[in-house]
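**Student:** Can you look at this prediction? I've put the sequence above it.
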There are 2 protein chains.
Amino acid sequence: MSAEQPERPEAVVVALIDALGSAVSTDAAALDALRTDKSGHRTTASPLALVTATTVEQVQQTLRIASAHGTPVVTRGAGTGLAGGAIGGRGEIVLSTLAMNQILEINAADELAVVQPGIINAELNAQLAPHGLWFTPDPASRAISTVGGNIATNAGGLLCAKYGVTRDSVLGLAVVLADGRLIRLGHRSVKGVTGLDLTALLVGSEGLLGVIVEATVRLRRVVTGPTPTIGAYFDSVRAAAEASAAVTAAGIRPAVMELLDGACLDAIGELLGLELSGAAYLLVQTDGPGAEAEAAALLELLQASGGRAEMTTEPSEAERLLEIRRAMHPAMERLGTTLIEDVSVPRSALPAMFDAIARIERRHGIRIPTIAHAGDGNLHPNFVYDAGADDEVPAHIWAAADEMFQAAIALGGTLTGEHGIGVLKRRWLRDELGDAQFELQRQIKSVFDPAGILNPGKVF
Amino acid sequence: MSAEQPERPEAVVVALIDALGSAVSTDAAALDALRTDKSGHRTTASPLALVTATTVEQVQQTLRIASAHGTPVVTRGAGTGLAGGAIGGRGEIVLSTLAMNQILEINAADELAVVQPGIINAELNAQLAPHGLWFTPDPASRAISTVGGNIATNAGGLLCAKYGVTRDSVLGLAVVLADGRLIRLGHRSVKGVTGLDLTALLVGSEGLLGVIVEATVRLRRVVTGPTPTIGAYFDSVRAAAEASAAVTAAGIRPAVMELLDGACLDAIGELLGLELSGAAYLLVQTDGPGAEAEAAALLELLQASGGRAEMTTEPSEAERLLEIRRAMHPAMERLGTTLIEDVSVPRSALPAMFDAIARIERRHGIRIPTIAHAGDGNLHPNFVYDAGADDEVPAHIWAAADEMFQAAIALGGTLTGEHGIGVLKRRWLRDELGDAQFELQRQIKSVFDPAGILNPGKVF
C-alpha cells in the first residue's frame, strides 16, 4: 500500500490488497498512467487500483472480488490501443496482464505456440525465429503491443491480405469469466466444429466478455528467399489508389502494399530531409516462392498505371524504401495532435474513398494525411489538429470523422478495420450494426457478464 | 395442397399455405425424404410441412408464422449432412433454402462473391472459374452440398491445412432471425472489427441461431501451374502417420495429404480390381509457385520414412493415384452400413490416434477402416456394422465411438473436425466443452432464439 492511496480506501481495494498483496498498486502516478492509451484520449479521473497479475489464479481472485463488490474491471495489456478500449477511469479496477508474459510451449510439429497474454508480439516472434516459425499478425505496434491485446482487438497490420488477421491465427483461448470461473475454448487441432465458435467470438471482443489468460496460436513457417521491394511515385493519390486496386484485380497477392498520399510524403520528406517527388507513393513487397515473378508483373503493371517505379532485391535499398513508410508516425507527430482513424473498404473502392477524404478536407478546411494498407483496403486518415487544454478531440474534427465513417460504410466498408471501437467510436457503432444486431450484441455481452462489470462504457 | 396431407391439418400448416401457397408441400413422400441425411440417421416421424423458399421474404414469413405458432423450424439445404443436423421430425417445419441458388455478384476486383445459400459448392466454382476465381472450401460433398450448408457446418475438406476452413472464407452474412427479422452481419472489406464478430459465430452454428439467406464469401485466384502428385505405400499405418507428421514438421505445406489405412486399401482394391500393395497409403499433392520444389523435398522425405513412393506431374497418372482416394466412399458402402466419424487431433498426434483406433478395434472386435486428412489431423474412422431393421447405429458401435472421442479429446483434439454435432454427437458435447462453456453456448442460443424454435434437439 503506497502513501498516495485515498485516505479511506474503498472496500474493494482493501479486499484486493488482502488477497493479492503487492500485486495491487494504488500509486497515484501509476494509476494516472492508466487513464490513457496511444489514442491520446484520457478518462476524467484515475482508477481505484491497478492489479498486475502474474498467475491465472490472481486474475480469478481479482474478478471474484470485483464481482462481489460490483466494481468494474478494465483489462489492459501494454496500453498501445488506439481507441481507448483499455483505459481506466473513476471507480474502476485496471487488471494488467502485462506481467503474464511467458511462452508456455513452442510446437513446431503442430505449428502452434501456447502463450500468456502479456508476451509482446515482437518478443514472441524473436523466440519463434530460431525454430523457423512465425506468428503472422503484424500490427504496426508489434514491437510494443501484447499478443493478448492483439487478440482482444483482432489486430490487423500490413500483411493481412496475404497472411490474414489475428482471428485466423487463434486456435484456442483460456478465459476467466466475470465471476472468476476459468473456461477453455477451442482446441489444438487445425479443424474443430464442436458447438458455437466462442474462440472466434472472443477475438476482437475488447475486454467485454472475459479476460484472456492463455492463447493457443497458429504459426506459419518463416518465409525464406528474396523479398523484392518496389517503390512507385504517382501524380495523384487517385492514380496510386487505382494502381493498387489494379494489382488486386490482376490477381497478384503482395505481402505488403502501402499507399501514402501527398500530405504524408510532404511531412515525411521534411522529417527525413528528402525530396519526395510525387503526389502519392506506393510501396510493395512480395515474398515466398513466387516472389520474383510476382514482382516483375507488379513492376510492369505499376509503370503501365503511370507510376515512376523502382524495384530492388538489395536489402539496403529495400530498407531505404521502407524507411519512408516507417517515418509516417513520427512525421505526423510533428504536425500537431492527430486522431488516427481506421476505416476499411473493399479494395476496388479505394479510389472512391480517397475522393471522399479529399471532399471532407475541402469542406472542413482541414488536412487529413492518409496512409492505407492498400492490399486489404484499410485506410488510416490522420486528422491533424491543435489540441486544447483538455486534450479532447475538437468537435469539428469529430464532425469530419463522422462524414468519413458514413462514406466508408456506404462503400460497403466499416468504421474500424483493426483498431476497434473502444470509447472513441461508440457513437457510430449502431449506425454500422443496425438496431437489431446492436441489441443482439448487447445481450451476448450480458450472457458473459450479467452484472456488467467488464469494461463498462466501452464499445456499447 | 396435396392429397397426402393429414385430414385435419395443423393450424400452422394452414397459415403457411395461406401465406406461401405452392411453396408449401405436405406431400408424404417429400416429407418422408426429409427425415434423414447422409448420416443415415432417421427421425421417428415425418415433419408437418416443407417450405421451399425462393425469396428472403418467404423465409421471413415462414419464421413469423412459426414463431406465432411456436412451431419448430429445421433449416435444410441439400441434405448432405453427416450428423443429422438438418433432419426434420414430428411437429416440425422444414425450411429448404435449396431453391435460393442464385449468384448475386461475382467481383474479381474485390475477390468476393455474393451468393444465395442454396447454390451448390461445385456450381459456384464452375461459374467462378471463367473469372479465374475460386471458393476454397472443398468438403468431399462439394458436388452435392450447398454453400449455405457449408457455412452452417463450417465445412472442412481436403485443402484446409493450406487454404483454411469455411469460416476463413466468409466476410458477411444476411440472416433471418427466429422472429422473422432480417439482419446483416460483417462487411465487404477484408478487415473489420466493429463490435463482436457475429459473422464468425454464425459460421458452424448448425441452424440454431438463424437462417442464412445470403453470404458474402471471400475468393482466391485459381492456382495455376503444375500440381505434382505423389502416392506412397507404407508397411504400417503408424509409419504412414509418422511420415505425414514429418511432412508438417519439415515445414512443407502440401495442398492435399490424405492417408488411407490397410482396411481402406483392401476394400478399395477389391472395388477397383487392383492389387494395392501396402498396409497404408499416403496421397500428397502440392500446388502454387513452389509446387515442384516442395514435391521434390516431399518425395525424398517420404522415401526416407520408408514409403514406396512414386511422383507424377502427368495428369492421367495423377488421376490414377487420386482415383484410389475417391473410391473410398463407394468401397465402404460395399462393406455394410457405416458410421463415418470425424475426430480431429493435432498433427503430431496422428500416430497416437491411429494406435488408439487399433486398440478400439481389438477391444470391440470390430473393423474401423480409417481415412485421414493428414495435412490437418482430421480422421474419418468408418465404423462398419450390419444395420438392424430400425436403421439405428447399434449400441456397441456407439460404445466404441465413445472411446474414440475420449481419445481424441485427450490428445488435444475434438470429436468433430468438420461434420458438426447435429443429433448424432449431442451426448458428447458437454464432455468437450465443459459445463461452464456448455451453459454459455445455450444462453447465446437463447439470445438469438428465445422461444427455442430453431432446430430444437440439435447440438444441445
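**Tutor:** Received, thanks.

**Student:** Just the buried residues of stretch A:376-383, please?
**Tutor:** By 16 or more other C-beta atoms under 10 Å in any protein chain shown, the buried positions in stretch A:376-383 come out as A:376-383. Backbone N, C-alpha and C define where each C-beta goes, glycine included.

**Student:** Which of these lies at the shortest distance from chain B?
**Tutor:** A:Asp376 (3.9 Å; C-beta to the nearest C-beta).

**Student:** tell me which element the closest one falls in.
**Tutor:** Assessed by DSSP states H and E, A:Asp376 sits outside every helix and strand.

**Student:** try A:Ile183
**Tutor:** strand A:182-186.

**Student:** Please name every helix or strand in contact with that strand.
**Tutor:** Contacts defined by 3 or more C-beta pairs under 8 Å, 6 or more residues apart in numbering or on different chains; DSSP states H and E place strand A:182-186 against strand A:170-176, helix A:198-202, helix B:435-448.

**Student:** Of these, which is nearest A:Leu302?
**Tutor:** Closest approach to A:Leu302 among the helices and strands packed on strand A:182-186 is made by strand A:170-176 (34.8 Å; C-beta to C-beta).

**Student:** Pull up the pairing partners for the strand holding A:Ile183, direction included.
**Tutor:** The pairing partners recorded for strand A:182-186 under DSSP bridges are strand A:170-176 (antiparallel).

**Student:** between the partner strand and helix B:435-448, how many degrees?
**Tutor:** 100 degrees (axes from the mean of the first three to the mean of the last three C-alpha atoms, to 10 degrees).

**Student:** Across the sheet, point out what pairs with the closest residue to A:Val256 other than its chain neighbours.
**Tutor:** Excluding the flanking residues, the one nearest A:Val256 by C-beta to C-beta, 6 or more residues apart in numbering or on different chains is A:Gln285, at 4.1 Å. Beta-bridge partners for A:Gln285, by DSSP bridges, are A:Thr229, A:Val256.

**Student:** Run through the residues that contact A:Gln285.
**Tutor:** For A:Gln285, the contact set (C-beta atoms under 8 Å, 6 or more residues apart in numbering or on different chains) comprises A:227-230, A:254-257, A:318, A:322.

**Student:** hmm, 7 Å instead?
**Tutor:** By C-beta atoms under 7 Å, 6 or more residues apart in numbering or on different chains, A:Gln285 lies in contact with A:227, A:229, A:254-256.

**Student:** buried subset of the residues you listed?
**Tutor:** Neighbour counting over the contacts of A:Gln285 (16+ other C-beta under 10 Å) leaves A:227, A:229, A:254-256 as the buried ones.

**Student:** Identify, from these, the entry nearest to B:Ala245.
**Tutor:** A:Ala255 (28.5 Å).

**Student:** returning to that earlier point: the residue nearest to A:Val256 and B:Ile144: what is the separation?
**Tutor:** 42 Å (C-beta to C-beta, to the nearest Å).

**Student:** Strands along the stretch 51-200 of chain A, start to end?
**Tutor:** Counting by DSSP state E, counting those that start in this stretch, the stretch 51-200 of chain A has strands at residues A:73-76, A:93-96, A:103-107, A:112-115, A:133-134, A:170-176, A:182-186.

**Student:** Show me which residues of the stretch 1-150 of chain A sit near chain B.
**Tutor:** A:108-111, A:132 (C-beta under 7 Å from any C-beta of the partner chain).

**Student:** Serialize those residues to a markdown table and add fields for neighbour count, distance to A:Asn154 and pLDDT.
**Tutor:** As requested, those are arranged in a markdown table below (neighbours: other C-beta atoms under 10 Å in any protein chain shown; distance: C-beta to C-beta, whole Å; pLDDT from 0 to 100):
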| residue | neighbour count | distance to A:Asn154 | pLDDT |
| --- | --- | --- | --- |
| A:Ala108 | 18 | 26 | 94 |
| A:Ala109 | 14 | 27 | 92 |
| A:Asp110 | 24 | 23 | 94 |
| A:Glu111 | 24 | 21 | 95 |
| A:Gly132 | 14 | 26 | 96 |
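
**Student:** Quickly check these for the two that are furthest apart.
**Tutor:** Greatest spacing in these, by C-beta to C-beta: A:Asp110 and A:Gly132 (13.9 Å).

**Student:** residue ranges with poor pLDDT in the stretch 351-460 of chain A?
**Tutor:** A:389 (pLDDT under 70).

**Student:** near chain B, which residues of the stretch 251-400 of chain A?
**Tutor:** So far as C-beta under 7 Å from any C-beta goes, the stretch 251-400 of chain A lies against chain B at A:251, A:289-290, A:293, A:344-348, A:376-378.

**Student:** Separate out the buried members of those residues.
**Tutor:** Neighbour counting with 16+ other C-beta under 10 Å marks A:251, A:289-290, A:344-348, A:376-378 as buried within these.

**Student:** what two of the residues you listed have the greatest distance between them?
**Tutor:** Largest separation among these by C-beta to C-beta: A:Pro289 and A:Val345, giving 30.7 Å.

**Student:** Please report the number of neighbouring residues for A:Ala267.
**Tutor:** The number of residues packed near A:Ala267 is 24, by other C-beta atoms under 10 Å in any protein chain shown.

**Student:** Just the buried residues of the strand or helix carrying it, please?
**Tutor:** Using DSSP H and E, A:Ala267 sits in helix A:262-272. Across helix A:262-272, burial judged by 16+ other C-beta under 10 Å covers A:262-269, A:271.

**Student:** And A:Gln116, how close does it get to A:Leu159?
**Tutor:** A:Gln116 is 24 Å from A:Leu159, by C-beta to C-beta.

**Student:** Give me the more crowded residue out of those two.
**Tutor:** Between A:Gln116 and A:Leu159, A:Gln116 has the larger neighbour count (other C-beta under 10 Å), namely 25 against 22.

**Student:** need the contact list for that one.
**Tutor:** A:100-102, A:104, A:214.

**Student:** try 10 Å this time
**Tutor:** Counting by C-beta atoms under 10 Å, 6 or more residues apart in numbering or on different chains, A:Gln116 touches A:53-56, A:97-104, A:146-148, A:174, A:212-215.

**Student:** before we move on, what about A:Gly412?
**Tutor:** Residues in contact with A:Gly412 (C-beta under 10 Å, 6+ apart) are A:344-346, A:348-349, A:377, B:107, B:110, B:112, B:171-172, B:187-189, B:216.

**Student:** ok, now A:Gly336?
**Tutor:** Neighbouring residues of A:Gly336 by C-beta under 10 Å, 6+ apart: A:367, A:382-387.

**Student:** Need the distance between the two termini of stretch A:411-428.
**Tutor:** End-to-end distance of stretch A:411-428 (C-alpha to C-alpha, to the nearest Å): 16 Å.

**Student:** A:Ala331 and A:Asp266, how far apart?
**Tutor:** The spacing between A:Ala331 and A:Asp266, counted by C-beta to C-beta, is 9 Å.

**Student:** do A:Gly88 as well
**Tutor:** 37 Å.

**Student:** wait, what's in contact with A:Arg218?
**Tutor:** Applying C-beta under 10 Å, 6+ apart, we find A:Arg218 in contact with A:110-113, A:135-136, A:164, A:168-172, A:188, A:190.

**Student:** do A:Glu392 as well
**Tutor:** A:40-42, A:398.

**Student:** any chance of these in JSON lines, plus neighbour count?
**Tutor:** Below are the contacts of A:Glu392 laid out as JSON lines (neighbours: other C-beta atoms under 10 Å in any protein chain shown):
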{"residue": "A:Gly40", "neighbour count": "17"}
{"residue": "A:His41", "neighbour count": "21"}
{"residue": "A:Arg42", "neighbour count": "16"}
{"residue": "A:Trp398", "neighbour count": "16"}
